[in-house]
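J.: I'd like to go over a predicted model; first the sequence, then the structure.
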Amino acid sequence: MQRPAARRPAQSQRAGQHPAPAGQDRPGADLAEALAADRARALDLLPVSRENAERLDRFVALLLKWQPAQNLVSAATLPNVWTRHIADSLQLAAHLPPGARVVADLGSGAGFPGLVLAIALAEREGARVHLVESNQRKAAFLREAARVTGAPATVHAARIEAALPEIAGPVDVVTARALAPLPDLIALAYPLLKTGAIGLFLKGQDVERELTEISKSWTLQTASAPSLTEAGGCILRVDRAEPLVPRGSSRTQP
């Protein structure tokens with residue numbers, strides 16, 4: 001009587017392999033859990049409408065999709081992207097002047113704070129956020145993010161000095177996050193500040209030192225509010241900026 005052929009081992013058990021233990025894919029699951037918890041914290045701190053929460057969800061999903069190839073943000077910040085980046089940017093919305101509709105965000109990077117502000121303003125009639133980013137890959141991401149979220153944003157893929165003349169009409173607010181030390185930042189934003197825009201800048205723990213340094217070359221009218229997301233950080237509002245020496249003139253007499 002012929003014996004039945006011996007069964008071949010299942011694919012996962014060949015060559016000494018063992019079935020994958022439960023939870024082997026935990027890195028992805030852990031990130032998803034961390035993101036869900038961080039999202040809840042961020043939106044509890046800064047509630048938004050259901051529509052804007054959905055827009056932010058689409059933005060974060062796109063960022064996670066592009067992140068491996070483009071390295072849009074530090075990988076270490078991905079688990080807390082909602083509080084570290086979204087909420088940090090979103091807190092600026094409460095500091096916009098009443099009726100402000102046009103914002104210019106300098107050095108937008110991955111969309112913080114500019115794209116997040118555009119989402120926050122999506123339901124405000126006539127709102128427009130100009131995202132200035134010279135890195136072409138990041139500019140491409142910003143265009144796609146504006147498309148998938150429906151945010152009222154226009155991307156300017158150019159250096160700040162070249163992009164600002166392209167912005168038609170008055171700008172109400174100029175913003176930036178982690179772009180440059182305050183003296184350099186004010187110099188970059190000055191073309192908008194001198195025509196009536198106010199500055200809203202997310203600054204870190206060195207802001208007092210930067211204010212001392214800039215007082216040597218600029219007269220500023222400022223106010224500040226503590227950051228909701230960074231200990232020691234603040235939102236610096238600049239209502240007026242004037243150079244101590246007019247721009248383009250020499251300090252020395254002929």
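T.: Looks like it arrived, so ask away.
J.: now the spatially most central residue of the chain: phi and psi?
T.: With distances taken as Cα atoms, centre = their mean, the residue of the chain nearest its centroid is Phe112 (0.7 Å). Backbone torsions of Phe112, given as degrees, to the nearest 10, read phi -120, psi 120.
J.: gap between it and Glu242?
T.: 29 Å (Cβ to Cβ, to the nearest Å). Using the backbone N, CA and C atoms, a C-beta is placed for each residue, glycine as well.
J.: and Pro47, by the same measure?
T.: From Pro47 to Glu242 the distance is 38 Å (Cβ to Cβ).
J.: looking at these two, which is more packed in?
T.: Legend: neighbour count by other Cβ atoms under 10 Å for Pro47 and Glu242, higher for Glu242 (13 against 10).
J.: and the helix or strand harbouring the more buried one, which strands flank it?
T.: Taking DSSP states H and E as the definition, Glu242 sits inside strand 234-243. Strand 234-243 has the following strand partners under DSSP bridges: strand 198-203 (antiparallel), strand 218-226 (antiparallel).
J.: in CSV, could you pull the C-alpha coordinates for the last one?
T.: Output of strand 218-226 as CSV, limited to C-alpha atoms (Å, rounded to 0.1, in the frame of the first residue of the first chain):
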residue,chain,number,x,y,z
TRP,A,218,15.9,98.2,15.1
THR,A,219,13.1,100.0,17.0
LEU,A,220,10.3,97.5,17.5
GLN,A,221,6.8,97.8,19.1
THR,A,222,6.1,94.3,20.4
ALA,A,223,3.9,92.2,22.6
SER,A,224,4.2,88.6,23.5
ALA,A,225,2.1,85.7,24.8
PRO,A,226,3.3,82.4,26.2
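J.: what ranges does the chain have for its helices?
T.: Here the chain has its helices, by DSSP state H, at 26-45, 50-70, 81, 88-90, 114-120, 136-149, 160-163, 182-193, 207-214.
J.: okay, and for this protein, where does confidence drop off?
T.: Within the chain, the stretches with pLDDT under 70 are 1-27, 247-254.
J.: okay, now the domains of it?
T.: Here the domain parsing of the chain from automatic domain parsing is 30-83, 94-243.
J.: buried deepest among these, which one?
T.: domain 94-243 (a mean of 19; mean count of other Cβ atoms under 10 Å).
J.: identify the residues contacting the closest residue to Pro191 other than its chain neighbours.
T.: Excluding the flanking residues, the one nearest Pro191 by Cβ to Cβ, 6 or more residues apart in numbering is Leu164, at 5.2 Å. By Cβ atoms under 8 Å, 6 or more residues apart in numbering, Leu164 lies in contact with 104, 132, 191-192.
J.: ok, now Glu144?
T.: 62, 66.
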